[in-house]
Every structure is written in structure tokens, then in C-alpha cells.
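# turn this into a model:
(2 chains)
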Number of protein chains: 2
Amino acid sequence: MINVVKIGGNVIDNQAALKAFLSDFAKLAGQKILVHGGGKEATRLSAKLDIETKMIGGRRVTDRDTLDVVTMVYAGLINKRIVAMLQAEGCNAIGLSGADGNVICAKRRNPEPIDYGFVGDIATDGVKAAFIVNLLNQGITPVFCAINHDGKGNLLNCNADSVASAVAVACAKFAPTSLTFCFEKSGVLTDVNDESTLISHIDLEIYPGLIKSGAVTDGMLPKIDNAFKAIQSGVASVTIKSSSKLLADIGTTITK
Amino acid sequence: MINVVKIGGNVIDNQAALKAFLSDFAKLAGQKILVHGGGKEATRLSAKLDIETKMIGGRRVTDRDTLDVVTMVYAGLINKRIVAMLQAEGCNAIGLSGADGNVICAKRRNPEPIDYGFVGDIATDGVKAAFIVNLLNQGITPVFCAINHDGKGNLLNCNADSVASAVAVACAKFAPTSLTFCFEKSGVLTDVNDESTLISHIDLEIYPGLIKSGAVTDGMLPKIDNAFKAIQSGVASVTIKSSSKLLADIGTTITK
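Numbering: from 1, shown residues only, chains lettered A, B, ... in the order given. Alright, predicted model coming up:
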């Protein structure tokens, strides 16, 4: 089983939480892959450099200067810090952008109706899973940032959730693959303020009822829809759980 | 034959020169490795962030903030730009810091007599050549920045010339390996202002005479001394040449 784990800004921005998470991740049995988001460091660096941060619908508009900032922060600072920390935990990690080994090819997003600049979506067949599986079979753990390339010399800023899904779907063609999204809650909660309302399992049979009853809230809908898409593309299961409970059997697992 | 090629700031700081060099490098026959220095980008970024740049004897004193800057610029911006540009030239490059795959382990430099901060020297047996050779045998071209790690979770800023030498010496244990240092001149010149005074070949027999006659100037002495050290450690030959003439048979070749 290959386990693709995605962490976001809430872990990356907190040095102690990151260290604890990576210590757990290093202990995770079997073949594994880490995908990390960006956190607030890029916004902070942009501000210091007087580069305006412009977000539309939660997505960073990436002009040339912003692309340099996210390449420095995501592919440089955060990625190499994580790799060095994993090495210290005895996990033989390798940091990768999509340009490295041509492992993930992306396509610049159509500038109509909104021009996001150097933002990319992963191309169909854009993930070279054979290269990833070859690393895993050597006992090496790939660590992906969400900077990819278009094969024409341009780097593109991508969504880390999408990178994690695309990597899992591509790996699933080679070996059974699961996908884990870590965030600040224990999983899908019917009451977001009450951790005891965790839904531990969702499948296609019970999902419509959960939506109808209002048990699954708006913010969770796209996450779960994407999980089902990954499962329909061959991923065995998708788990949504807390980044502080990676090794615990607590979370929401989504299957067919 | 494995060819380890090192480029410095003079190429990296000039976008047109870098593009031309990488186009040549992509055409270089056989297995190859690129090692790049930093250029002025790190100094510029430090200045914008109000981080003082302190150099002692040509080496950057690397405090915690400066380490973040060089990690962002060398391992992020420059490394990924080069990898994306090489991919566009049809060369399947992979960008690596020493932490990636634990490929280069360094040791923090003794803080006595001068504390350089997070500056490292490559440890004995610090280069995992088997990992590099495995990539080469898959048709992949490693691109090293000079950021390495100590295996305890710390990144360390190293000298790119030293990285290139250490990588070449380690690879030479697996296959015949040559080392090429690219810079702004055509090679070792007896008159630095006259390219026609190029010395095309230096070996241990003629070297003492060149020093005695003053044909080899002070600035070149450490470079040639290091070249002889690499050769004595198993590297087949070391060539010093212009980054604009990578594919031409013009330069100074140093052999036993």
C-alpha cells in the first residue's frame, strides 16, 4: 500500500507542530509520499518585498514576482527544511518539484475568465508515476511541493490538494494507494465545534443522506467530492484527519 | 565517462548567458552532472530584507536568517529555474540539495577561529555516489545547489567548487569521471588580459615551472591545487574553461 499524505499551512506555520507531525510521518509504516502546501510564509515574504498578495476565491494570483516568491518559499525553504527534518528522523526523503525528473507536468490555467498568472492545473497523464514508484522501491520517500512545470521552461504554482490527488491517482495504477488529507480538525464533523460528532466513515450509499440532513457542511462538500473523484479514479480510500493524530485510527475515511 | 560541470555566479546572474549555457549543457554527450553556485541574487534578497551580508575571505557568513535566504535562492529559485529550463531543452534534470536522498552530508565548520555560522564542509564519505550513479543510469541528470545537510535536521551552506570536486571524486569510484569548472575566461592564461596566452594543458611535470616563471598567477593557484587534489583522488581530468564555450575544445585541461 502506498500512502499519499497531504499537509497544509496550519502545520507548516507552526514549527513545533511540524516537528511532531514529521516525527509521526517518519514512523508511518509502508511506502509513503508527502505533499505540502505553503502556509503564510509566502505572504509574509511578499509583504516584506512590497509585492502585493492578490487572492481570488482563495487562490493566489501569481504574477512573475509572486512566482519567484512561491518558488523560493515552497520549493526552497519549506521543502528543504522538511526533507532535512525527515532525514534526521531516519526517513530517507527527497524533495521534488514537478520539474525534477519531469515528474509532474502542469498546464497554465486559461487566462479567461480570470487570469491567475503562473498558476497551473495538472495535465492529464501529467504525473510520471513510474519515476515515483521507482523511488519508493528504493526506500526513498518523495516530498512534493506544489510547484510544477509546463515542460517549456516555465514553473507553475499549483494547488497542493490537487497535487496530492493527482499523485495518488497516478500511483494507484501501479499499487494499491490511499490518500490522507491532514488538517486542523479530527475529520468530518456534523458539528464543527464538537469533535465527538466525527463521522468515521462515508461511502456513496450514505453520502446523499448526510448532505440532505445538513450533517456535511458547505466547506466540506468540495473536499468530499474530490475524495470520491480520486476513489472513482482508482484510489482505495481517502482519509480526512487531524495532522496531530496521523498515527491514530481517528478520522473520516471515505470509500466507494 | 561522467562529466561533472560547475557554473558560478557570472552565468547565473545573466539570464541570456544562462539560457545559452544550459542549451549547450543539454547537448553535452554522455552522463553529466551540473553543480551551480549562487550569484548575486542572495545578496540582493538579503538587502531587500534588511539582512546584513557579511563576507570573510570571500565566504558568506551564514546566520539563521541568511541560511533561509540562501536556501530560498539557491535550492529554490535558481535550482528549480535551471531544472525547468533543462527540461525544456530535453535534458531530464533533477534538482538536489544534499538533504535530498541524503546524497551529500556536510559537517558544520568549526566556529574557531572564525564562526561562519551555518557553513558546512563536506564530510569524508559524505557523498552517496551510488544514488547519483543510479540516477545517471536512468538517464537523469542531477543538478546540485550547494545547500547540504548535517543529517541532524540542519541545512548547511557549502562552497559550490567543493561540492563539484567532492561529487566528482565520489563518482570516480564508480566510473571514469571528469570535472569541468566554467568561469568567465577561456582557461588558465599567462596574461589574464590576453586570451591568446591560454595554457591548454597542465600536468604535475610542467606545473612547478609555470609557478616559478610567474605564468600561473595567485588567483589561479588554489583552483589548480584543488584540481590536482581531485585528480589524485581518482578524477581523470579537470578542465577550466569559459561557460560560453562548453562544447568547444578550448580550455585548460589538468591531468596527472
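# can you get me a residue count around the closest residue in space to residue A:108 that isn't next to it in sequence?
Nearest residue to residue A:108, sequence neighbours excluded (CB to CB, 6 or more residues apart in numbering or on different chains): residue A:120, at 5.5 Å. Every C-beta, even on glycine, is put in place using the N, C-alpha and C of the backbone. Residues contacting residue A:120 under the criterion other CB atoms under 10 Å in any protein chain shown number 27.
# separation between residue A:108 and chain B?
Using CB to the nearest CB, to the nearest Å, residue A:108 is found at 13 Å from chain B.
# what about that residue, how many residues nearby?
Using other CB under 10 Å, residue A:108 has 16 other residues around it.
# checking the residue in the stretch 1-150 of chain A positioned nearest to chain B next. Helix, strand or coil?
Across the stretch 1-150 of chain A, the shortest distance to chain B (CB to the nearest CB) belongs to residue A:76, at 2.1 Å. Look at residue A:76: counting by DSSP: H, G, I helix; E, B strand; the rest coil, its state is helix.
# contacting residues around the closest residue to it other than its chain neighbours?
Distances taken as CB to CB, 6+ apart place residue B:76 nearest to residue A:76, at 2.1 Å, with adjacent residues excluded. Residues in contact with residue B:76 (CB atoms under 8 Å, 6 or more residues apart in numbering or on different chains) are A:71-77, A:79-80.
# farthest-separated two in those residues?
Distance extremes for these: the farthest pair is A:71 and A:80 at 12.4 Å, using CB to CB.
# what about the residue of the stretch 151-256 of chain A found nearest chain B, neighbour count?
Across the stretch 151-256 of chain A, the shortest distance to chain B (CB to the nearest CB) belongs to residue A:153, at 3.5 Å. Residues lying near residue A:153 (other CB under 10 Å) number 17.
# and the pLDDT at it?
You'll see residue A:153 listed with a pLDDT of 98.
# and it, its phi and psi?
Phi and psi for residue A:153, reported as degrees, to the nearest 10, are phi 100, psi 0.
# contacting residues for the residue lying closest to it once chain neighbours are set aside?
Nearest in space to residue A:153, with sequence neighbours left out and distances taken as CB to CB, 6+ apart, is residue B:88 at 3.5 Å. Each residue near residue B:88 by CB under 8 Å, 6+ apart is listed here: A:151-153.
# quick one: which of those residues is nearest to residue A:163?
The closest of those to residue A:163 turns out to be residue A:151 (CB to CB; 16.3 Å).
# the closest one and residue A:103 touch, don't they?
No: applying CB atoms under 8 Å as the test, residue A:151 and residue A:103 come out as separate, 11.5 Å apart.
# who has more neighbours, those two?
Taking neighbours as other CB under 10 Å, residue A:151 and residue A:103 compare with residue A:103 leading, 24 against 18.
# spell out which parts of the stretch 151-256 of chain A neighbour chain B.
Taking CB under 8 Å from any CB of the partner chain as the contact definition, the stretch 151-256 of chain A meets chain B at A:151-155.
# so what sits opposite the residue nearest to residue A:7 when sequence neighbours are not counted in the bridge?
Among residues not flanking residue A:7 along the chain, residue A:182 sits closest, at 4.9 Å (CB to CB, 6+ apart). The partner list for residue A:182 in beta bridges (DSSP bridges) reads residue A:241.
# tell me how far residue A:182 lies from residue A:61.
Distance, residue A:182 to residue A:61, using CB to CB, to the nearest Å: 26 Å.
# which parts of chain A are strands?
A:2-7, A:31-36, A:55-56, A:59-60, A:93-96, A:104-108, A:120-127, A:141-144, A:147-149, A:155-157, A:177-183, A:201-202, A:237-242, A:252-254 (DSSP state E).
# who does the fourth one pair up with?
Meaning strand A:59-60. Per DSSP bridges, strand A:59-60 is paired in its sheet with strand A:55-56 (antiparallel).
# who's sitting farthest from the centroid in chain A?
Seen from the C-alpha centroid of chain A, the residue lying at the greatest distance (CA atoms, centre = their mean) is residue A:213, 29.1 Å away.
# ok, back up a step: between residue A:182 and residue A:61, who's got more neighbours?
Set residue A:182 next to residue A:61 and count neighbours by other CB under 10 Å: residue A:182 wins out with 23 against 17.
# could I get the pLDDT score of the more buried one?
At residue A:182, the model reports a pLDDT of 96.
# one more: residue A:83?
For residue A:83, the model assigns a pLDDT of 98.
# surely it touches residue B:96?
No: with contacts counted by CB under 8 Å, residue A:83 stays clear of residue B:96, the gap being 10.0 Å.
# list residues touching both of the two?
When CB under 8 Å, 6+ apart defines a contact, the residues bordering residue A:83 and residue B:96 alike are residue A:94.
# who has more neighbours out of the two?
Neighbours around residue A:83 and residue B:96, counted as other CB under 10 Å, are more numerous at residue A:83. The numbers are 31 against 28.
# outline the domain layout of chain A.
Chain A breaks down by automatic domain parsing into domains covering A:7-159, A:184-256.
# what's around residue A:48, how many residues?
Counted with other CB under 10 Å, residue A:48 comes out at 13.
# how about the contacts made by it?
Taking CB under 8 Å, 6+ apart, one finds B:48-49 in contact with residue A:48.
# go on, residue A:118?
Residue A:118 is in contact with A:62-64, A:66-67, A:108, A:154-157, counting by CB under 8 Å, 6+ apart.
# do the same with residue A:129
A:167, A:170-171, A:173-174.
# among these, name the ones in helices.
Within the contacts of residue A:129, residues falling in helices by DSSP state H are A:167, A:170-171.
# okay, the residues you listed in CSV with neighbour count and pLDDT next?
Listed next are those as CSV, based on neighbours: other CB atoms under 10 Å in any protein chain shown; pLDDT from 0 to 100:
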residue, neighbour count, pLDDT
A:167, 25, 98
A:170, 26, 98
A:171, 27, 98
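# what about residue A:31, how many residues nearby?
Residue A:31: 21 neighbours (other CB under 10 Å).
# wait, doesn't it sit right on residue A:4?
No: checked against CB under 8 Å, the pair residue A:31 and residue A:4 is beyond contact range at 9.8 Å.
# ok so, going back, quick check: the residue nearest to residue A:153 vs residue B:161, distance?
Per CB to CB, residue B:88 is found 27 Å from residue B:161.
# then residue A:254?
From residue A:254 to residue B:161 the distance is 52 Å (CB to CB).
# between the two, which is the more surrounded one?
Comparing residue A:254 with residue B:161 by other CB under 10 Å, the one with more neighbours is residue A:254, at 27 against 18.
# that one and residue B:105, how far apart?
Remark: distance between residue A:254 and residue B:105 (CB to CB) = 41 Å.
# per-residue confidence for the nearest residue to residue A:247 once chain neighbours are set aside?
Excluding the flanking residues, the one nearest residue A:247 by CB to CB, 6+ apart is residue A:24, at 5.0 Å. Listed pLDDT for residue A:24 reads 98.
# residue A:24 touches residue A:248, doesn't it?
No: Residue A:24 lies out of contact with residue A:248 (CB under 8 Å); the separation is 9.1 Å.
# quick one: low-confidence ranges for chain A?
By pLDDT under 70, chain A contains no weakly predicted segment.
# got the phi/psi numbers for residue A:50?
In terms of degrees, to the nearest 10, the main-chain angles of residue A:50 are phi 60, psi 30.
# tell me who's in contact with it.
By CB under 8 Å, 6+ apart, the contact list for residue A:50 is empty.
# count the neighbours of residue A:69 for me.
Around residue A:69 there are 27 other residues, counting by other CB under 10 Å.
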